[in-house]
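J.: All I have is the shape, not the residue letters:
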């Protein structure tokens, strides 16, 4: 096999860490151990304890290795999980087995973009804990297996200048990605359209440091609800409605024009809905922009920082927006309408959408009709370029399903 | 040309009537003329007056014939519109010119599913006015050109048993379609998932009379908003997020199992997003239904009337759900993932999405790569079958763009 086209391994840009119990207590001062996030067992069930609240681990966060019939949201203890959920070396064993060469992981107890620390009564201590997570991630999680993990850090969403400093600190350690919210409004924060440019320090830092803005579905702390009593399965299926809104909000925001190095990654939103919304965006822009621009003067429409007459939807998407797929046959079949360089792989380990242990097998089925060079891009090439990441050499043992 | 495959004409299943001033005043008792919807000119601007409120005509409702640079939401008078907006004979001239063989029209001043009469202080009189609209539509609008208009009636959304009676009355006059809300919740009504089966009389009547449930985008009286200050263009592009929610809500509702003849038409929502959501619905159903079913017992998830173990997403879609396109290249290119029989044409006359006067020309460009038999289905065959409608023979003069 041509080594440059080894198609037996993928890079997953969306997996999850169940933080091991020692993340914070190992790193805070002895006097702070009780107020840092730590675990306690109460009536036989383990809880994370922080800021006067206790959080059990939701079962669906760690279903990997179970059959779908066994999936359950009921709380569980770490001893009931596969060790790969919380142990970076055990995770590597699971990655080796399933054809995952490298993995970018979102946190769990902190929530997708660090909401835990934002909601804390003492944000100064919250920021210390956030920094401990970032350091632990780089040193212990990613450090456990060089070239196998892409670090994704948290930022203090409540303080953009401080966030910019933290981004700079972590960029110096080689970090190229940070977690952001798909929609800060429900978090009680200004949106990316804020007239006072609340987010500018973060955007400037991302632009300067070339750090990817990673937005996981659900990072707005909302679940989409078609109606109050809509069937839960319908709401669950509708998840990517959030991601489509996020993509459109960014494309029309003007941020890509103001910060030309910005790149956003839409995590666990799949990609099959992208071709329709890109086409629609172009048509709406073409036909409706005259009255929208005039309408802004009297109807109170939100203005944008972008010159609509100059906006190039496809070009903005191509240069700035990246999606990923788990098992999205329609999306991958539409790759030429999306962009060969804009789509990556994910395996969602250890959540209920995960394809583990059939990760590379599933991905190969989804991409099988594409030419090998394009398969390689989707499996790993695009992720390597976006995250400026050089993975380790793949293990020599062939994974399951490759 | 083979007459059975005349591809020069389409049936549009989504256009709009600007009601002419005489609809109600010609039909109510003389004493009621002032309280029925009627027009008055105030300071040079025409208003519909009803129930103590006045409504100007929004410019975007009647832009047909104008260039996109001239589109405007500012109020306008009927004399500033093309007569085809409100005159069924003038509309036929515009249809002849643009290759539209037949047209199903939604109302304007009543709003998409008759919200005007539901919101009225006197609903009994509101119902009389609603019936006058239905009679006027069949007798005067559709009656002006037999075989050229597919009638779409209104129902009293606030009184399902009364609605069922009105459906029966109009079905006897040959009506095969009624307007419903894409989401009744924002209208202050029970949803289609209502545990008390509020909508059963309507669904039973639709099932019995084989009347199509037509839901126009926006018939929930909502505009989708990504965030409070999201760019208006982004929100406008995001319009079909409502339609995708509607489709999923119906697919998981159990209504198609309880009422096997029900058919729903999603109007002006385009179709390019359908393949992704169908695929996703199947995957979510396959992988997540076990815990969702168990979860209902303790997490208060809305239950459904459908047996998830028996639910066939693709089969339900195929037999019950119909969409339409204006200029949706991605959707039409994905027709085999949606269904050859489930997609129809629309021209949105006289709104700002309208392709008039290039209706058939635009449609032919979108479908040009499909085999002629399938082109015929999309142009008219599917609409004829769904609405049980036999159009008039097409005019002999070839339309523009055919």
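T.: Cool, got the structure. A quick note: this is a predicted structure, and the numbers were derived from the prediction, not measured. Numbering: from 1, shown residues only, chains lettered A, B, ... in the order given.

J.: pLDDT score for the nearest residue to residue A:148 once chain neighbours are set aside?
T.: Distances taken as Cβ to Cβ, 6 or more residues apart in numbering or on different chains place residue A:102 nearest to residue A:148, at 5.3 Å, with adjacent residues excluded. Placement of C-beta: from N, CA and C, glycine included. Listed pLDDT for residue A:102 reads 98.

J.: Any chance you could list what contacts stretch A:376-383?
T.: With Cβ atoms under 8 Å, 6 or more residues apart in numbering or on different chains as the contact definition, stretch A:376-383 has outside contacts at A:4-5, A:7, A:9-11, A:13, A:101-102, A:104, A:150, A:322, A:325, A:332, A:335, A:340-345, A:363, A:367, A:370, A:389, A:391.

J.: at 7 Å instead, please
T.: A:5, A:7, A:9-11, A:13, A:101, A:340-341, A:343-345, A:363, A:367, A:389 (Cβ atoms under 7 Å, 6 or more residues apart in numbering or on different chains).

J.: ditto for stretch A:78-94
T.: A:18-20, A:46, A:62, A:64-65, A:141, A:144-145, A:148, A:350, A:356.

J.: one more time with 8 Å
T.: Contacts of stretch A:78-94 (Cβ under 8 Å, 6+ apart): A:16-21, A:46, A:57, A:61-62, A:64-65, A:100, A:103, A:140-142, A:144-145, A:148-149, A:349-350, A:356-357.

J.: just how off-centre is it within its chain?
T.: Distance, stretch centre to chain centre, for stretch A:78-94: 20 Å (Cα atoms, centre = their mean, to the nearest Å).

J.: Give me the buried subset of the contacts of stretch A:376-383.
T.: A:7, A:9-11, A:13, A:101, A:340-341, A:343-345, A:363, A:367, A:389 (16 or more other Cβ atoms under 10 Å in any protein chain shown).

J.: And these, which is closest to chain B?
T.: Using Cβ to the nearest Cβ, residue A:343 comes nearest to chain B of the buried ones among the contacts of stretch A:376-383, at 13.4 Å.

J.: residues contacting the residue of the stretch 1-150 of chain A found nearest chain B?
T.: When scored by Cβ to the nearest Cβ, the stretch 1-150 of chain A has residue A:71 as its residue closest to chain B, at 4.3 Å. For residue A:71, the contact set (Cβ under 8 Å, 6+ apart) comprises A:59-60, A:63, A:352, B:287-288, B:290-291.

J.: For the stretch 51-200 of chain A, which residues are neighbours of chain B?
T.: Within the stretch 51-200 of chain A, the residues that sit near chain B (Cβ under 8 Å from any Cβ of the partner chain) are A:59-60, A:68-73, A:183, A:185, A:191, A:193-195.

J.: For chain A, give me the ranges with low pLDDT.
T.: A:1-3, A:295-305 (pLDDT under 70).

J.: could you redo the last one with a cut-off of 80?
T.: A:1-4, A:294-306 (pLDDT under 80).

J.: Just the endpoints, please. Distance across stretch A:87-105?
T.: 12 Å (Cα to Cα, to the nearest Å).

J.: buried stuff in that stretch?
T.: A:87-88, A:91-92, A:94-105.

J.: And stretch A:52-60, end to end?
T.: 24 Å.

J.: same check, this time on stretch A:263-275
T.: 19 Å.

J.: which of the contacts of stretch A:78-94 are buried?
T.: Looks like the contacts of stretch A:78-94 have A:16-20, A:46, A:57, A:61-62, A:64-65, A:100, A:103, A:141-142, A:145, A:148-149, A:349-350, A:356-357 buried, using 16+ other Cβ under 10 Å.

J.: wait, what's in contact with residue A:112?
T.: A:106, A:179, A:181, A:216, A:218-219.

J.: Which residue, other than its chain neighbours, is closest to it?
T.: Residue A:112 sits nearest to residue A:219 (Cβ to Cβ, 6+ apart), 3.8 Å away.

J.: What is the burial count for that neighbour?
T.: Neighbours of residue A:219 under the rule other Cβ atoms under 10 Å in any protein chain shown: 27.

J.: just checking, it touches residue A:182?
T.: Yes: under the criterion of Cβ atoms under 8 Å, residue A:219 makes contact with residue A:182 at 4.8 Å.
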